[in-house]
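K.L.:
Would you be able to build a 3D model of this:
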Amino acid sequence: MSENHYAEFSECSMRPQEVLEYVSGPIPVLEEGEVLVRMKAAPINPADINFVQGVYGLKPVLPHSRAGLEGCGVVQESRAEGFREGDEVILLRGVGSWSEYVAVSYTHLRAHETRSNL
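P.N.:
Numbers count the residues shown, from 1 in each chain. The predicted structure follows:
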């Protein structure tokens, strides 16, 4: 783990394809209460598009706002009680899920319990 890749935008537009960029940068450094998640999946929902357009209830912090509001992944590192490396998690809310790695407050995560019917 040395580099992160993510979707970023520096201005809002009704045509997200014109402002979204695929960028590389450092992997986030965690603060107390945060969890580093390696994303496995992040949907493209109408809310995500509206966020980039600037018309969603949650407004982007510009410039250099990261796209993606939810998703799921695997904990790579944790500075929060209740989460440990290897846990599968669901991002309930936040910004930046269209990333390879994202730092998320533990309050915005839920552990995903794998079920097997074998």
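K.L.:
When you work out contacts or count neighbours from here on, use the C-alpha atoms and nothing else.
P.N.:
Fine.
K.L.:
all helices for the protein, in order.
P.N.:
Counting by DSSP state H, the chain has helices at residues 46-53.
K.L.:
Dead centre of it: give me the residue that sits there.
P.N.:
S97 (2.1 Å; CA atoms, centre = their mean).
K.L.:
Just to check, that one is in contact with A42?
P.N.:
Yes - assessed by CA atoms under 8 Å, S97 is found in contact with A42 at 6.1 Å.
K.L.:
Give me the common contacts of these two.
P.N.:
G68, E70, G71 (CA atoms under 8 Å, 6 or more residues apart in numbering).
K.L.:
contacting residues around the first one?
P.N.:
Residues counted as contacts of G68 (CA under 8 Å, 6+ apart) are A42, P43, I44, D48, V95, G96, S97, W98, S99.
K.L.:
Pop out the phi and psi values for the nearest residue to the third one once chain neighbours are set aside.
P.N.:
This means I44. Leaving aside its chain neighbours, I44 sits nearest to G68 (7.4 Å; criterion: CA to CA, 6 or more residues apart in numbering). G68 adopts backbone torsions of phi 100, psi 120, taken as degrees, to the nearest 10.
K.L.:
G68 and Y6: what is the separation?
P.N.:
9 Å (CA to CA, to the nearest Å).
K.L.:
which neighbours do those two share?
P.N.:
G96, W98, S99.
K.L.:
Surely the last one touches E21?
P.N.:
No - distance between S99 and E21: 11.7 Å, which falls outside the contact criterion (CA under 8 Å).
K.L.:
More neighbours: which of these two?
P.N.:
Using other CA atoms under 10 Å as the criterion, S99 and E21 rank with S99 on top: 25 against 16.
K.L.:
Skipping its backbone neighbours, what lies nearest that one in space?
P.N.:
That would be Y6: by CA to CA, 6+ apart, it lies 4.0 Å from S99.
K.L.:
what's across from that neighbour in the sheet?
P.N.:
V23, S99 (DSSP bridges).
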